[in-house]
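K.L.:
sequence first, then the predicted structure, then my questions.
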Amino acid sequence: MDAPESWDRPPPDIALADLFERWLPGAFAATGQRAPAGTPLLRVSVSGPEGGAWELALDGTRLLVEPPGRASPDIWIRLSAADLRVTLGATDPDLPAIVPAGWSAGKILIVDPRDIDLVRQIAGRALVEIEGRRRRRFALDIGFGKTGVTAGRPRTTVRLDSATFEGLRSGAIPPMQPLLDGRLKIEGDRALAMQLLLLVGSRLGRR
């Protein structure tokens, strides 16, 4: 859902199990919103300390969080615990801020209804890497659709440096400009990468 102001960010040191199993469902319920039919089922797999896997499904006014089931999710996100915390707002001296100011955990982890049709057009698994300082690297591995969530490895990799990412995040650089001038590198399926960039551009355009 398009998260309202009441979706504050969780404490940066919150236990990940508490984040998924209690904080997110409670925060969504507090908004009083009703999810539209067809909202994608999201699986998040976290590696490293406190790692685990959770599936997030919207059912009316409830956000249901369960262990992964046998059915394939619509979207599968894989990342490390450290990178998840940076995504939720924790600071890392070697990485830029990952999400725009004012974005909440709900806006990060739940698909906006206006993006559902676009999301369902994407099929494949992609890896996004942001190069930080001192060899630190943020990595987000995301699969869309049956093709993406069952793939053994990413079909495309998108790489960019911290300065370029910061420009995109802040809106100082148009979403497609780094691709045109070579600051954004794509290895593999360019069509899939372009679909992912369109989705990111759509979300950033509604700050």
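P.N.:
Received, thanks. Numbering: from 1, shown residues only.
K.L.:
quick one: the helices in this protein, in order.
P.N.:
Along the chain, the segments classed as helices by DSSP state H run 16-18, 24-31, 81-87, 105-109, 116-120, 145-149, 162-170, 177-181, 190-204.
K.L.:
got a list of what Thr156 touches?
P.N.:
By CB atoms under 8 Å, 6 or more residues apart in numbering, the contact list for Thr156 reads 124, 126-127, 186-190, 192-193, 196. (Each C-beta comes from the backbone N, C-alpha and C, glycine too.)
K.L.:
neighbour-wise, give me the winner out of these.
P.N.:
Compared across the contacts of Thr156, Ala126 has the highest neighbour count, 24 neighbours, by other CB atoms under 10 Å.
K.L.:
how near is that one to Thr164?
P.N.:
As judged by CB to CB, to the nearest Å, Ala126 and Thr164 stand 17 Å apart.
K.L.:
now do the strands in the protein.
P.N.:
42-47, 52-59, 62-66, 75-80, 124-131, 137-144, 156-161, 185-188 (DSSP state E).
K.L.:
just to revisit the earlier point, out of the helices of the chain, which gets nearest to Gly51?
P.N.:
helix 81-87 (5.8 Å; CB to CB).
K.L.:
how far out from the middle of the chain is that closest one?
P.N.:
11 Å (CA atoms, centre = their mean, to the nearest Å).
K.L.:
all numbers from here: first residue = 582
P.N.:
Sure thing, new numbering starts at 582, so read that last one as helix 662-668.
K.L.:
count the neighbours of Ser626 for me.
P.N.:
Neighbour tally, Ser626, other CB under 10 Å: 15.
K.L.:
actually Glu631, sorry about that
P.N.:
Glu631: 15 neighbours (other CB under 10 Å).
K.L.:
that one contacts Ile595, correct?
P.N.:
No: look at Glu631 against Ile595 with CB atoms under 8 Å: they stay out of range, at 9.9 Å.
K.L.:
this completes my enquiry, with thanks.
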